[in-house]
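K.L.:
my questions concern the predicted model and sequence given below.
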Amino acid sequence: MPLSLPVVPESYDPATVELCSFNDAVPGFLEGSDTPRAYLERCLDVIAVREPSIKAFVVMDIEAARVAADQSTERYKAGKSLSRIDGMPFAVKDLFKTADFPTELNSPLLKGERHRFDSAHVYAMRKGGAVILGKTTLPELGSGQPAVTRNPFDLDRSPGGSSSGSGASVGAAMLPVAIGSQGRGSVLRPASFCGNVALKPTYGAVHSGGMLWRSPSYSTIGIHSSNITDCWRTAWQIAQTVGGDPGHPGLFGEAEITSLKPKRLIRLDTLGWAITESGIQQQFEIFLGKLKKEGVEIVTRHDDPAVEAFEQALATIPDFQPDLSAWEMQWPALLVRNRGRDQIKERLVERFEFGERMTLDQYRVTLKALNKLREAFGVLEGTADAFITLPTPTMPPVGDATGDSVYGDPSSCLEAPAWSLPILQESGLPLGIQLLGNKHQDYQLGQIGKWMMETFLR
């Protein structure tokens with residue numbers, strides 16, 4: 001992880017950009033030529049250079065991280081490392097409970113709010129020897145006033161949201177992994193804006209215990225990382241230690257991601273294509289052409305009536321998603337509003353109070369529409385290796401706006417896994433592609449993503 005990177009890179013090239021790989025360092029730990037403590041110090045050197053302008057962190061505890069890294073170093077020396085992520089520095093979106101840090105959700109109403117216990121994933125990562133460094137930024141209460149965080153490739157632009165600091169910290173090469181969460185596009189879009197790999201898992205496949213401020217029907221944990229291997233090893237460690245959410249079978253797959261060339265991909269336009277910037281459309285079309293040259297069949301809505309029917313079903317998301325979210329966010333939203341309405345931005349209050357005015361019958365209508373969409377998705381199961389689309393319709397906005405969630409809504413509503421892969425670029429900035437699959441295809445999508453990155457970013 002070189003310090004030769006300028007504070008803001010002059011231009012982005014996905015084939016040459018160097019982020020902060022952890023798995024590449026592990027062989028050095030095992031043979032004794034490197035240590036987790038030395039690795040942490042290299043991360044801290046980059047943080048010292050980049051964090052003052054990126055502003056990805058809410059809080060850090062560097063000395064505690066050094067103690068944990070020293071303990072990991074001793075385990076490697078003794079040949080007793082705890083897991084594949086032993087010694088890996090990571091950060092956590094300030095939407096999750098942590099025993100060592102406040103959980104404030106970027107709201108003055110929650111200033112100093114503390115919890116005695118870690119979230120499930122933090123517990124699992126600590127048990128595997130990973131080193132928690134701090135907590136990362138997010139918009140007010142997860143969806144309000146944007147965070148102060150800046151895009152690591154253009155400080156005038158947004159890193160996206162709501163996992164703003166998590167995406168930016170990885171994209172700035174400060175850390176190999178940072179945990180986020182997705183209600184709509186809150187993992188996939190920041191990953192595209194900041195040039196990192198991200199996994200939004202199958203709903204319930206990775207334990208979300210300790211996540212605050214969520215829509216229970218579709219919100220999930222998400223993982224930002226510099227590469228597919230570190231991302232998957234992190235997800236695997238969490239799932240193998242604490243499982244998935246209660247009532248869910250957890251994350252399927254193997255401990256290590258291998259490469260898999262897809263035979264058939266279904267292209268999804270979604271509602272996003274019509275509002276996607278022309279430069280992004282062009283880059284995506286070129287990439288699909290490259291896949292075809294590699295022998296991958298691309299099926300579109302024009303080729304298969306079942307795909308067209310599904311595209312039309314996706315177009316119904318705006319008819320029910322805002323209402324469903326407003327109802328499910330009432331708790332704890334209304335409790336926080338009652339504690340201090342004047343300390344919450346008016347736009348958020350209006351959303352909370354819209355949910356308050358809804359009836360239970362209206363909520364049932366949204367659930368019926370959600371289930372109808374999921375049924376349409378099920379019709380296509382097994383007809384292709386994966387679905388391919390974009391994570392965002394725009395490049396990172398200039399200013400504070402966090403971007404449009406239109407390409408993130410499908411995976412969230414469908415309980416589906418999705419990966420954002422930093423394969424493209426437009427105008428000198430990162431641009432991801434999204435792989436989406438049916439439930440529990442997280443591993444297979446990662447395999448396809450690994451093949452794509454090896455094939456097109458050699």
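P.N.:
Great, that's in hand.

K.L.:
ok, Pro14 - how many residues close by?
P.N.:
17 (other C-beta atoms under 10 Å). All C-beta spots, glycine's among them, are computed from the backbone N, C-alpha and C.

K.L.:
my bad, should have said Tyr407
P.N.:
Look at Tyr407: counted by other C-beta under 10 Å, it has 29 neighbours.

K.L.:
setting aside sequence neighbours, what's the nearest residue to it?
P.N.:
Spatially, and ignoring its direct neighbours in sequence, Tyr407 is nearest to Gly272 (4.5 Å; C-beta to C-beta, 6 or more residues apart in numbering).

K.L.:
touching, the one you found and Leu390? I think so.
P.N.:
Yes: between Gly272 and Leu390 there is a contact at 6.4 Å, judged by C-beta atoms under 8 Å.

K.L.:
need the overlap of contacts for these two.
P.N.:
Shared contacts of Gly272 and Leu390, defined by C-beta atoms under 8 Å, 6 or more residues apart in numbering, comprise Tyr407.

K.L.:
point to the residue nearest the middle of the protein.
P.N.:
Val187 (2.9 Å; C-alpha atoms, centre = their mean).

K.L.:
so how far is Ser107 from the closest residue to that one other than its chain neighbours?
P.N.:
Among residues not flanking Val187 along the chain, Gly222 sits closest, at 3.1 Å (C-beta to C-beta, 6+ apart). The spacing between Gly222 and Ser107, counted by C-beta to C-beta, to the nearest Å, is 21 Å.

K.L.:
cool, and Gln330?
P.N.:
Applying C-beta to C-beta, the value for Gln330 to Ser107 is 16 Å.

K.L.:
so for those two, which sits in the more crowded spot?
P.N.:
Taking other C-beta under 10 Å, Gln330 and Ser107 do not tie; Ser107 has more neighbours (23 against 17).

K.L.:
for the more buried one, what are its contacts?
P.N.:
Taking C-beta under 8 Å, 6+ apart, we find Ser107 in contact with 140-141, 336, 343-344.

K.L.:
same thing with Pro396?
P.N.:
Residues in contact with Pro396 (C-beta under 8 Å, 6+ apart) are 151, 153-154, 157-160, 193, 403, 429.

K.L.:
the same query, at a cut-off of 6 Å, please.
P.N.:
151, 157-158, 193 (C-beta atoms under 6 Å, 6 or more residues apart in numbering).

K.L.:
can you check Val59 too?
P.N.:
Counting by C-beta under 6 Å, 6+ apart, Val59 makes contact with 101, 134-135.

K.L.:
let's see 8 Å
P.N.:
Applying C-beta under 8 Å, 6+ apart, we find Val59 in contact with 94, 101-102, 134-135.

K.L.:
that older thread, list the beta-bridge partners for the residue nearest to Val187.
P.N.:
Beta-bridge partners recorded for Gly222 (DSSP bridges): Gly180.

K.L.:
roughly how far apart are it and Val336?
P.N.:
Distance, Gly222 to Val336, using C-beta to C-beta: 23 Å.

K.L.:
and Pro422, by the same measure?
P.N.:
Remark: distance between Pro422 and Val336 (C-beta to C-beta) = 35 Å.

K.L.:
neighbour-wise, which of those two wins?
P.N.:
A count of neighbours by other C-beta under 10 Å puts Pro422 above the other of Pro422 and Val336, at 26 against 21.

K.L.:
hang on, that one in a helix?
P.N.:
No: counting by DSSP: H, G, I helix; E, B strand; the rest coil, Pro422 is not part of a helix but strand.

K.L.:
what segments of the stretch 51-200 of the chain are strands?
P.N.:
In the stretch 51-200 of the chain, strands defined by DSSP state E, counting those that start in this stretch lie at 57-60, 89-93, 131-136, 177-182, 197-200, listed in chain order.

K.L.:
low-confidence stretches in the protein?
P.N.:
Within the chain, the stretches with pLDDT under 70 are 1-5.

K.L.:
Ile62 touches Leu44, doesn't it?
P.N.:
Yes: counting by C-beta under 8 Å, Leu44 is a contact partner of Ile62 at 6.5 Å.

K.L.:
looking at the two, which one has more neighbours?
P.N.:
Set Ile62 next to Leu44 and count neighbours by other C-beta under 10 Å: Leu44 wins out with 19 against 13.

K.L.:
so who does the more buried one touch?
P.N.:
So Leu44 contacts Ile62 (C-beta under 8 Å, 6+ apart).

K.L.:
okay, buried residues for whatever helix or strand it lives in please.
P.N.:
If you go by DSSP states H and E, Leu44 is part of helix 36-54. If you call a residue buried by 16 or more other C-beta atoms under 10 Å, then helix 36-54 has these buried ones: 36-37, 39-40, 42-44, 46-47, 49-51, 54.

K.L.:
just the angle between that helix and strand 131-136, please?
P.N.:
Interaxial angle of helix 36-54 relative to strand 131-136 (axes from the mean of the first three to the mean of the last three C-alpha atoms, to 10 degrees): 10 degrees.

K.L.:
contact partners for the residue nearest to Pro332 when sequence neighbours are not counted?
P.N.:
The shortest distance from Pro332 to any non-neighbouring residue, by C-beta to C-beta, 6+ apart, is to Trp213 (7.1 Å). Applying C-beta under 8 Å, 6+ apart, we find Trp213 in contact with 95, 105, 141-142, 329, 332-333.

K.L.:
and Trp213, which of the three is it?
P.N.:
Recorded secondary structure, Trp213: coil (three-state DSSP).

K.L.:
now it: how far from Val92?
P.N.:
14 Å.

K.L.:
Gly250 touches Trp236, doesn't it?
P.N.:
No: in this structure Gly250 lies outside contact range of Trp236 using C-beta under 8 Å: 10.3 Å.

K.L.:
more neighbours: which of these two?
P.N.:
Between Gly250 and Trp236, Trp236 has the larger neighbour count (other C-beta under 10 Å), namely 23 against 18.

K.L.:
by contact count, what packs against the helix or strand containing that one?
P.N.:
Trp236 is located in helix 228-242, with elements delineated by DSSP H and E. For helix 228-242, the elements it packs on are helix 120-127, strand 177-182, strand 197-200, strand 220-225, helix 442-456, judged by 3 or more C-beta pairs under 8 Å, 6 or more residues apart in numbering; DSSP states H and E.

K.L.:
quick one: the strands in the stretch 351-458 of the chain?
P.N.:
For the stretch 351-458 of the chain, the strands defined by DSSP E, counting those that start in this stretch occupy 386-389, 418-426, 429-436.

K.L.:
how about these in CSV, adding distance to Phe352?
P.N.:
As requested, the strands of the stretch 351-458 of the chain are exported to CSV (distance: least, C-beta to C-beta, whole Å):
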stretch, distance to Phe352
strand 386-389, 31
strand 418-426, 28
strand 429-436, 30
